[in-house]
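*Asks:* Output the structure for:
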Amino acid sequence: MLRDVRSSLVALVVLTVAFGIALPALFTGFAQVAFTSQANGSLITRNGHVVGSRLAAQSFTKPQYFHERPSATAPAYNAGATTFANLGPTNPDLAKNVRAAANAILKLESPYNPGLTIGDIPVDAVTTSGSGIDPGISRAYARLQSKRVAAVRHLPLATVQRLVAEYTNGRSVGFLGEPAVNVLELNLALDKEGR
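*Replies:* As a prediction, this is how the structure comes out:
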């Protein structure tokens with residue numbers, strides 16, 4: 001029996017060192033060499049300062065910016081506490097949240113999109129993503145916001161639409177998911193336009 005205990009302890013130590021220290025160190029080292037940006041959070045810097053990540057949404061509330069999807073984290077857009085809302089289709093809280101988000105979008109976008117109805121609002125504009133901080137919005141939601149952003153920034157609509165197309169990421173691996181517009185990168189590009 002003592003021999004079994006000793007063998008078990010040796011196996012525990014060897015496996016802990018191999019799979020708890022050596023293998024993670026190998027993967028971390030490989031990631032730092034082969035995928036430096038991704039391994040460090042896909043951070044975006046401007047003038048030597050980190051302004052955000054390509055992988056995490058942040059809040060934009062001013063009318064001259066494209067707005068992101070609703071956040072499921074507390075506080076909102078907290079990359080250190082990603083979560084999902086987990087509200088099913090029959091949950092009254094989901095209906096309340098969607099209604100509030102839709103009303104806010106109607107109030108903000110209607111002056112720039114005459115005749116806008118709740119049925120015109122894309123689903124991703126009023127629902128949270130699986131991570132709660134998804135950095136992308138659908139092309140439909142970007143199109144809805146384009147007229148407001150162009151008008152507030154005094155830019156031609158064609159310029160804003162060109163930037164939306166430029167910052168639209170395709171499907172993952174060519175067939176997974178839907179194309180999405182990275183809100184942070186798009187807003188930074190708009191700021192670069194100088195208005």
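*Asks:* just the helices in the protein please.
*Replies:* 2-15, 23-34, 36-39, 92-109, 139-153, 157-166, 183-192 (DSSP state H).
*Asks:* Which secondary structure elements does the helix or strand bottoming out on mean pLDDT in the chain sit against?
*Replies:* Scoring the helices and strands of the chain by mean pLDDT, DSSP states H and E places helix 36-39 at the bottom, with a mean of 75. If contacts are counted by 3 or more Cβ pairs under 8 Å, 6 or more residues apart in numbering; DSSP states H and E, helix 36-39 sits against helix 23-34. Heads up, the C-betas are built off the backbone N, CA and C, glycines and all.
*Asks:* Could you check the pLDDT of the most centrally placed residue in the chain?
*Replies:* Nearest to the centroid of the C-alpha atoms of the chain, with distances taken as Cα atoms, centre = their mean, sits Pro135, at 1.7 Å. Pro135 is assigned a predicted lDDT (pLDDT) of 90.
*Asks:* Next, the contact list for the closest residue to Gly177 other than its chain neighbours, please.
*Replies:* Spatial nearest neighbour of Gly177, chain neighbours left out: Arg171 (5.4 Å); criterion: Cβ to Cβ, 6 or more residues apart in numbering. By Cβ atoms under 8 Å, 6 or more residues apart in numbering, Arg171 lies in contact with 177-179.
*Asks:* Compute the distance between Val126 and Pro179, please.
*Replies:* In this view, Val126 and Pro179 are 19 Å apart by Cβ to Cβ, to the nearest Å.
*Asks:* for Ala34, same thing?
*Replies:* On the measure of Cβ to Cβ, Ala34 and Pro179 end up 26 Å apart.
*Asks:* Of the two, give the one with the bigger neighbour count.
*Replies:* A direct count of neighbours by other Cβ atoms under 10 Å for Ala34 and Pro179 places Pro179 higher, at 12 against 9.
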